[in-house]
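In: Mind looking at a prediction? Sequence and model below.
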Amino acid sequence: MKDRDADAALDRATEEVLALFADDRRPRVAPPRTSRPLPDFTDDLFAGDPFATPPAQRSPAADPQAPEAPETTAPRAPAWPAARAVAAAAAEPPAPCARALDEALGHTLAAPLTALTDLPAFDTSAMDGWTVAGPGPWRLPRDGTGILAGHDPGEDALCDGQAVPIATGARVPPGATAVLRSEHGTVTGQGELHATRRVTQGQDIRPRGQECRTGDPLLPAGTFVTPAVLGLAAATGYDELTVTPRPRVDVLVLGDELLADGLPREGRIRDALGPMLGPWLHALGADVSVTRRLGDDADALHAALEGSAADLVLTTGGTAAGPVDHVRPALARLGAELLVDGVSVRPGHPMLLARLEGGRHLVGLPGNPLAAVAALLTLAEPLLRTLSGRLAAPWPHPARLTESVPGPSADTRLVPVTREDGGRVRLLRFHGPAMLRGLAAADALAVVPPGGAARGAEVELLRLPWQTEAAGSAG
Ligand SMILES: Nc1nc2c(c(=O)[nH]1)N[C@H]1C(S)=C(S)[C@@H](COP(=O)(O)OP(=O)(O)OC[C@H]3O[C@@H](n4cnc5c(N)ncnc54)[C@H](O)[C@@H]3O)O[C@H]1N2
Ligand code: MOO
């Protein structure tokens, strides 16, 4: 019974998405004017895009009943890959800055990381035991002295037939030919060391420069600074890193109906986007300066946009053409340049990207929560990637579908999916534009090309920032 309810919910969610395909209020397409060359929307909309599937290879529409968007003379919104390319090309990364290692996490390397030293910096013992020279048995020092990690054994060479106790990580003295592990040697009453196993040349010595030589390139500019990158940088001698500053984002949540706490009541609902966007943006490499709930107040929105110093303003809601949808009018009032005005994607098609005064940007996310996420990943993610100086997304991540997914002839669909055994991905229930239940259980968003995809067809996956491992290994 429970399953049947869930199936019915899946059908209703799909119906809601498909019903939207019939929407003929095509958003306007403004010819973009940007600092970098932009893709031509009128070209083959998939040409040159690593994400696109060539039309000839595309699966036929999986659901012949799926409604087609009516033919219209209105200009088409850009295709999903083209809109992403516009967003990625809309900005330049800011000037690099220096950050101490303990403040560099989550930034992007603005310069290649090159080794400041050999690693290991000296011949190092890999084991506790004795460092030996030549074939055994070996004489040990009478006074029992040994070499500990962090101690300098000096330049006196160990001669053939000599051995010295040594600790893991200690510098091996000149002349040493191997390290004998403590469990592989015995010491006689006369202070003579005998090996219980054969000892090979260089055994258990990590030679200087084994991992890298001074000046070796370790990581390219554009690498995201992870804990492991910090560790590598420290190991090779860095105290600070040259990074791209993290972009700053203001989040403006619009809608008089939104509550900040408690249960939905009296026709009002909880704000699901305010709590979600901050951490999501952080995972995308940005810092949120402020999240403000502005209601549906055109003047408050105008003032907030005028007063913002953030690199990117994200608005939620108010992107459609309803009586209190103030985003486009506010942008017109400010004289902002619309770079993307609607995208051929479901959900999320009313999304927009605009350039504000001072080279700052605004991404307008639709109010429906899953549509807002679609817009976040379509427009904000590529823009933030550029603003934070990150390398291009490591796409494509293909995976096969466990079932067919219907789609309109002209619009891409983004659907929450989960990974199944065998690497296939399954469409999650509760994927309607106003729903987050599917997304919250998702490993990735599948990019279903215009026309839909048949069961077993390969689709690209959009990573969720906390699911890179899962999404990366799917397929
Ligand atoms: N006549 C038509 N109406 C609508 C169409 C259409 O084609 N024809 N498109 C629909 C689509 S698709 C979307 S998406 C929305 C976009 O609307 P807005 O961006 O103007 O968003 P709102 O109207 O403010 O809100 C839409 C919906 O989402 C809820 N919402 C808003 N903010 C939040 C939030 N922070 N947390 C949770 N839920 C939120 C809001 O209450 C509405 O239910 O337009 C459709 N209309
Ligand atoms: O489906 Mo709307 O496309 O919810 O953005």
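Out: Arrived safely, thanks for sending. All values reported here derive from a predicted model rather than from experimental measurement. Ligands and ions are numbered 1, 2, ... in the order given.
In: Are we agreed that Asp102 is in a helix?
Out: Yes. According to DSSP: H, G, I helix; E, B strand; the rest coil, Asp102 belongs to a helix.
In: Provide a list of residues in contact with it.
Out: Counting by CB atoms under 8 Å, 6 or more residues apart in numbering, Asp102 touches no other residue. In short, each C-beta sits where N, CA and C put it, glycine included.
In: how near is it to ligand 2?
Out: The spacing between Asp102 and ligand 2, counted by CB to the nearest ligand atom, to the nearest Å, is 41 Å.
In: ditto for Arg346
Out: Arg346 sits 5 Å away from ligand 2, going by CB to the nearest ligand atom.
In: Compute the number of surrounding residues for that residue.
Out: When neighbours are defined as other CB atoms under 10 Å, Arg346 has 24 of them.
In: got it, and Pro245?
Out: Neighbours of Pro245 (other CB under 10 Å): 19.
In: Quick check: it touching Glu103?
Out: No. Pro245 sits out of contact with Glu103 when judged by CB atoms under 8 Å, with a separation of 10.9 Å.
In: Contact partners for the closest residue in space to Glu381 that isn't next to it in sequence?
Out: Nearest residue to Glu381, sequence neighbours excluded (CB to CB, 6 or more residues apart in numbering): Leu284, at 5.9 Å. With contacts defined as CB under 8 Å, 6+ apart, Leu284 is in contact with Ala380, Glu381, Leu384, Arg385, Pro465.
In: Kindly reformat the residues you listed as TSV containing distance to ligand 1.
Out: Formatted as TSV, the contacts of Leu284 follow (distance: CB to the nearest ligand atom, whole Å):
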residue	distance to ligand 1
Ala380	15
Glu381	18
Leu384	20
Arg385	24
Pro465	20
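In: Filter the residues you listed down to the buried ones.
Out: Neighbour counting over the contacts of Leu284 (16 or more other CB atoms under 10 Å) leaves Ala380, Glu381, Leu384, Arg385 as the buried ones.
In: Just the ones in strands from the residues you listed, please.
Out: Counted as lying in strands by DSSP state E, out of the buried ones among the contacts of Leu284, is not a single one.
In: how about the closest residue to ligand 1 within the chain, what does it touch?
Out: Closest to ligand 1 within the chain is Gly367: 2.4 Å, counting by CB to the nearest ligand atom. Neighbouring residues of Gly367 by CB under 8 Å, 6+ apart: Leu254, Gly255, Leu273, Thr316, Gly317, Gly318, Thr319, Ala320.
In: Count the residues that sit near the second one.
Out: Right, Gly255. Neighbours around Gly255, by other CB under 10 Å: 19.
In: per-residue confidence for it?
Out: With respect to pLDDT, Gly255 has a value of 97.
In: Now the phi/psi pair for it, please.
Out: Gly255 adopts backbone torsions of phi 130, psi 120, taken as degrees, to the nearest 10.
In: Helices along the stretch 1-150 of the chain, start to end?
Out: 2-21, 80-89 (DSSP state H, counting those that start in this stretch).
In: any idea whether Leu353 is helix, strand or coil?
Out: State at Leu353, reduced to three classes by three-state DSSP: strand.
In: tell me which element the nearest residue to it once chain neighbours are set aside falls in.
Out: Ranked by CB to CB, 6+ apart and with sequence neighbours excluded, the top spatial neighbour of Leu353 is Val340, at 4.0 Å. Here Val340 sits within strand 337-341, counting by DSSP states H and E.
In: Looking at that strand now, give me its mean pLDDT.
Out: Across strand 337-341, pLDDT averages out at 97.
In: partners of it in the sheet?
Out: strand 352-355 (antiparallel) (DSSP bridges).
In: from the chain's centre, how far out does the partner strand sit?
Out: Between the centre of strand 352-355 and the centre of its chain there are 22 Å (CA atoms, centre = their mean, to the nearest Å).
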